[in-house]
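**Student:** Fold the stuff below for me.
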Amino acid sequence: MLTHYGVDRIYKEKMSGTKRDRPELQKLLERMEAGDTVVIESLSRLGRSTKDLIELVEQFQKRNVQLVSLKESIDTSTSTGKLLFTIVSALAQFERDVIADRTREGLQAARARGRSGGRPRADPHMLQQAIKLYRTGQHTVREIVELTGITKATLYRYLST
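**Tutor:** Numbers count the residues shown, from 1 in each chain. Predicted coordinates for the structure are as follows:
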């Protein structure tokens, strides 16, 4: 979508838009100049919340940078685009809040039924066996994983504590 629009520099973030410290966003903010247009696939890719999106757009406006969101057909260089941006970002925040509420309610209901979330814990006996095998130096990590069923990540996590 961005290439078809004619974007000449694409910043690809590897982490969620919900994270505060996003290196690619920081690079974009450092490099943008007056007269630039930031083109995004979707508003959800830019900000963590309505407040965050609005702050970013205000920062763009102060620096005379326009924002175009392809999915929402928003162009902040127009007054209609500014209005649409405000409305759509508020709706996007509402949607995220509803999802978070439903998730919390689902977790509470599961706990009330006696279920606990998360990954199953490693068998403590097998974990101790894996650590002993590792410390002898006679087996590779792959062999230890095969013998005990303890994953490599779990073994290393417990060795580092």
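
**Student:** Past the lengthiest helix in the chain, which element shows up next along the chain?
**Tutor:** Criterion DSSP state H: the longest helix present in the chain is helix 79-112. Per DSSP states H and E, the first helix or strand lying C-terminal to helix 79-112 is helix 124-136.

**Student:** which residues touch that next one?
**Tutor:** 139, 141, 143-145, 147-150, 154-155, 158-159 (CB atoms under 8 Å, 6 or more residues apart in numbering). To be clear about C-beta, it is placed using only N, CA and C from the backbone, and glycine gets the same treatment.

**Student:** Now list the buried members of those residues.
**Tutor:** Listed as buried from those are 144-145, 148, 150, 154-155; burial here means 16 or more other CB atoms under 10 Å.

**Student:** now, the most widely separated pair of those residues?
**Tutor:** Ile144 and Thr154 (10.8 Å; CB to CB).

**Student:** where does the chain have low pLDDT?
**Tutor:** 14-20 (pLDDT under 70).

**Student:** Enumerate the positions of the longest helix of the chain that are buried.
**Tutor:** By neighbour count with 16+ other CB under 10 Å, helix 79-112 contains the buried residues 81-82, 84-86, 88-89, 92-93, 96.

**Student:** Return the list of helices and strands in contact with that helix.
**Tutor:** Helix 79-112 sits against helix 50-62, strand 66-69, strand 74-75, with contacts defined as 3 or more CB pairs under 8 Å, 6 or more residues apart in numbering; DSSP states H and E.

**Student:** and of the ones you listed, who's closest to Ile40?
**Tutor:** Closest among the helices and strands packed on helix 79-112, using CB to CB: strand 66-69, at 5.2 Å.

**Student:** mind listing what the closest one pairs with, with the direction of each?
**Tutor:** Using DSSP bridges, the strands paired with strand 66-69 in its sheet are strand 37-40 (parallel), strand 74-75 (antiparallel).

**Student:** Deepest in the core, which of those is it.
**Tutor:** Each of these was scored by mean neighbour count; the highest is strand 74-75, a mean of 20, by mean count of other CB atoms under 10 Å.

**Student:** ok, now how distant is the closest residue to Gln59 other than its chain neighbours from Lys62?
**Tutor:** Computed as CB to CB, 6 or more residues apart in numbering, the closest residue to Gln59 that is not its neighbour in sequence is Leu29, at 7.3 Å. Distance, Leu29 to Lys62, by CB to CB, to the nearest Å: 12 Å.
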